[in-house]
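Chemist: generate a structure from the sequence data that follows.
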Amino acid sequence: MKTEFNRRDFIKLTAAGGAICFAAPNLLVYGANPEDSLPISPGCRKSKVKLAVLYMAIENNRYWPKPQLDLKKEVRFYQNRFAELKSRLSDVDFTIDELVTSTEKVANLSDKLKKADGILAIHLTMGINDILREILKQKNYTIVFAIPYSGREWTGFGNLMKEPIGDKMDCILSSDYKKLSAAVRPFRAVHHLKHAKILNVTERESRMPSKYVSDIREQFGTEIKNIPLDRLIAAYNNIEHKTARDEAHHWIGKAQKVIEPSREEIVKSAQMALAIEKILNEEQATVFTVDCYGSMFEPLCQAYAYPCLGFSRLNNIGYGGICESDLKSAMTHIIFQGLSGKPGFISDPTIDESKNSAVLAHCLGTPKMDGPHGPAAPYKLRSVMERREGVVTQVKMRVGQKVTQARLIGTDLLLYFTGDIIETPVSLEDDRGCRTKITVKVDGDAGKLWKNWSHGLHRVTCYGDITEDLERFCRFKKIKRINEAV
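Modeler: Next up is the predicted model:
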C-alpha cells in the first residue's frame, strides 16, 4: 500500500525548485464572473473578436426619446460606456463604430459589415425600422440593444426575428449598460470556434470519425487534428527531468494532501503535462484530448503517464484538456469558454431523485473553475479511481454555486440543464464513483432528466447560469436546444 504524505513532506523530500505558475505566455484570460470577465480565452490566440457597432437613429426626430436629441452626444455616451467595460472587451476590435441615419449609410458599409464577427445595433431614436432591415440584409449575426424610451419599434422585434431576414437577429432590451458586454459573448463564442483547433491522440476511427470532423469544420470552422502517439512520446522524452520535477513540486505544494500517488508518478504526470502543452503551442491549438480509456491506455497511460494532470493544467490556464477523446465535450468546452470564460468539468452523471439531483462525477477535476484569473478551489492529488493508478486533481467545488450542464450533439443539437451545487462529496469515506463529485439540485425534475436522457453519458458543467447566452448562440448557429429536466 502506498504511504499517504502531505505537501510539507513532499517539499522536504524534493529538490528546491521554482514554482510553475498557472499561466501561459501572451495569453489574456477570463476572470471569476461573466459580468466581470477579463477576456481573452485562447480560442483565438492571435486574433481579436471583430465587432461592428452601429448607432441607429433618424435625424431631426421629433418623437421618442425626445425632440432635438443630440445624436453625437448619444454616440459619445455609449462610447464612454464601452470604455468603462474595456476590461471585459479587451479581446474586441471595434472594426466599425458609426452613426447610421439612413439605409444608404448602412449599404455603404456592407463590405466591412460582412467581415465582422457580429453587429451590435444600438437603438437611439424612433423610426429606425428600415435601417434595421438594411442591417439584417447583411446576413451577419446581429444583436439589437435598446434602453427604455429608445422608441416603440421593440413591439415588432419579436415578429421580425421570426422572419427569414431576422433569423440571425436577437435583442437585449435593458437599461443596464453592462449588458453591452453580454451582447458580445455569442460573437466571441462564434469567433473562438472559428479559430479553435482540437488535437486528438487516438488510433480508433470511432474517436475520430471523418464525417463528424468535416461537419464540424464546415459548420463552425473548428479544426480537429489527429496527433500520432510517437509525437507525444517524443515530446515527453524531451522534457528535462528537473523541469518536470519543478512542475510536480508546484502541484504538490498547492495541494491540500497527496494520498495515493507516489512522487515518481507525480513527476511522470507533470512531465506528460508539459509535453502536452508543448505540442499544443507548436500546433497553435486550443484543446487537447487523448483516447485514455481506449487505444492509448496501454501504450501511453501505463507505459508512460496518464494525461489527467496535463488536462487540469490546460483548463487552469484557459485552454482545454478533455478526457477520453470526447470531441462532443471538447466542442462544448470551447462554447463555454467563449460564453462564460470558464472551463468545463466533464462528468459521468448519476441520479438521486430523493434530492431531485444529479450527481456529476469524474476523476479529473479543474481547480480554476472560476476561470484562470479567479480563485483556485482546494484539491488533493489522487489516483484514477477505477484504475488505482495515475494522478488526478480531486477538486472540492463550491457549494451553492449555480451551474449549467450541456453537450453539443453533432452540429445542430444542444442538450442542457441547470441547477445548484448542494454537496461536494470528496471525503476518503465517500470512495464510490469518481474522485471529483458535485451533487447538483436540478432546476426542474430529476425524474424527467433521466427519462429524457439521450446521446451518451457525458455532460460538461461550467459555473454560472449561462442559458441566455446559450440561447443567443444557438439561435445564431441554428442549434436546437433541449432542456433535459423539463
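Chemist: and the strands in the stretch 1-150 of the chain?
Modeler: 49-56, 92-100, 118-123, 142-146 (DSSP state E, counting those that start in this stretch).
Chemist: CSV please, covering those and showing distance to residue 178 and mean neighbour count.
Modeler: (C-beta placed from N, C-alpha, C; glycine too.) Output for these, formatted as CSV (distance: least, C-beta to C-beta, whole Å; neighbours: other C-beta atoms under 10 Å):
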stretch, distance to residue 178, mean neighbour count
strand 49-56, 16, 24
strand 92-100, 15, 17
strand 118-123, 14, 24
strand 142-146, 11, 24
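Chemist: could you dump the ones you listed into TSV with distance to residue 187 added?
Modeler: Below are the strands of the stretch 1-150 of the chain laid out as TSV (distance: least, C-beta to C-beta, whole Å):
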stretch	distance to residue 187
strand 49-56	6
strand 92-100	9
strand 118-123	3
strand 142-146	8
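Chemist: for those, give me TSV that also has distance to residue 165 and mean pLDDT.
Modeler: Formatted as TSV, the strands of the stretch 1-150 of the chain follow (distance: least, C-beta to C-beta, whole Å; pLDDT from 0 to 100):
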stretch	distance to residue 165	mean pLDDT
strand 49-56	16	96
strand 92-100	17	95
strand 118-123	13	97
strand 142-146	10	97
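Chemist: out of those strands, which gets nearest to residue 381?
Modeler: strand 49-56 (37.0 Å; C-beta to C-beta).
Chemist: relative to residue 126, how far out is the residue lying farthest from the centre of the chain?
Modeler: Going by C-alpha atoms, centre = their mean, the residue of the chain most distant from its centre is residue 62, 45.2 Å out. Applying C-beta to C-beta, to the nearest Å, the value for residue 62 to residue 126 is 9 Å.
Chemist: how about low-confidence regions in this structure?
Modeler: Low-confidence segments of the chain, defined by pLDDT under 70: 1-46, 426-430.
Chemist: tell me the domain boundaries of it?
Modeler: Domain assignment for the chain by automatic domain parsing gives 7-27+196-483, 34-192.
Chemist: before we move on, the earlier item: out of the strands of the stretch 1-150 of the chain, which gets nearest to residue 71?
Modeler: Minimum separation from residue 71 across the strands of the stretch 1-150 of the chain (C-beta to C-beta) falls at strand 92-100, 6.0 Å.
Chemist: given that closest one, what are its sheet partners and their directions?
Modeler: Applying DSSP bridges to the sheet, strand 92-100 is found paired with strand 49-56 (parallel).
Chemist: ok, residues contacting the partner strand?
Modeler: Residues from elsewhere that reach strand 49-56 (C-beta atoms under 8 Å, 6 or more residues apart in numbering): 39, 71, 74-75, 78, 82, 91-100, 106, 109, 112-113, 115-125, 128, 131-132, 135, 140, 184, 187-188, 191.
Chemist: now that strand against strand 118-123, angle please.
Modeler: 20 degrees (axes from the mean of the first three to the mean of the last three C-alpha atoms, to 10 degrees).
Chemist: so which bits of the biggest strand by length in the chain are buried?
Modeler: When the chain is parsed with DSSP state E, its longest strand is strand 413-423. Using 16 or more other C-beta atoms under 10 Å as the burial criterion, the residues of strand 413-423 that qualify are 414-421, 423.
Chemist: could you identify the helix or strand that succeeds that strand?
Modeler: Following strand 413-423 in sequence order, the next helix or strand is strand 436-442 (DSSP states H and E).
Chemist: which residues are in contact with that following strand?
Modeler: Residues from elsewhere that reach strand 436-442 (C-beta under 8 Å, 6+ apart): 345, 347, 352, 355-365, 392-395, 397, 403, 405, 417-426, 430, 449, 461, 485.
Chemist: quick one: buried ones out of these?
Modeler: 345, 347, 356-365, 392-395, 397, 403, 405, 417-421, 423-426, 449, 461, 485.
Chemist: looking at the residues you listed, which are in helices?
Modeler: The helices, defined by DSSP state H, take in residue 449 from those.
Chemist: now the spatially most central residue of the chain: which helix or strand?
Modeler: Nearest residue to the geometric centre of the chain (C-alpha atoms, centre = their mean): residue 337, 1.8 Å. Using DSSP H and E, the secondary-structure element containing residue 337 is helix 327-340.
Chemist: give the next helix or strand downstream of the helix or strand hosting residue 269.
Modeler: Following DSSP H and E, one finds residue 269 within helix 263-282. On the C-terminal side of helix 263-282, the nearest following helix or strand under DSSP H and E is strand 287-290.
Chemist: same for the next helix or strand after that next one, what does it pack against?
Modeler: Following strand 287-290 in sequence order, the next helix or strand is helix 308-316 (DSSP H and E). On a contact count with 3 or more C-beta pairs under 8 Å, 6 or more residues apart in numbering; DSSP states H and E, helix 308-316 meets helix 263-282, strand 287-290, strand 320-322, strand 389-395.
Chemist: okay, these in CSV with distance to residue 480 next?
Modeler: Formatted as CSV, the helices and strands packed on helix 308-316 follow (distance: least, C-beta to C-beta, whole Å):
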stretch, distance to residue 480
helix 263-282, 32
strand 287-290, 24
strand 320-322, 23
strand 389-395, 32
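Chemist: pull out the buried residues from stretch 57-76.
Modeler: For stretch 57-76, by 16+ other C-beta under 10 Å, it's 57-58, 61, 64-65, 69, 71, 74-75.
Chemist: distance of the closest residue in space to residue 468 that isn't next to it in sequence relative to residue 385?
Modeler: Residue nearest to residue 468 in three dimensions, not counting chain neighbours: residue 182, with 7.6 Å by C-beta to C-beta, 6 or more residues apart in numbering. In this view, residue 182 and residue 385 are 39 Å apart by C-beta to C-beta.
Chemist: cool, residue 86 as well?
Modeler: 45 Å.
Chemist: who has more neighbours, these two?
Modeler: Under the criterion of other C-beta atoms under 10 Å, the comparison of residue 86 against residue 385 puts residue 385 first, with 19 against 10.
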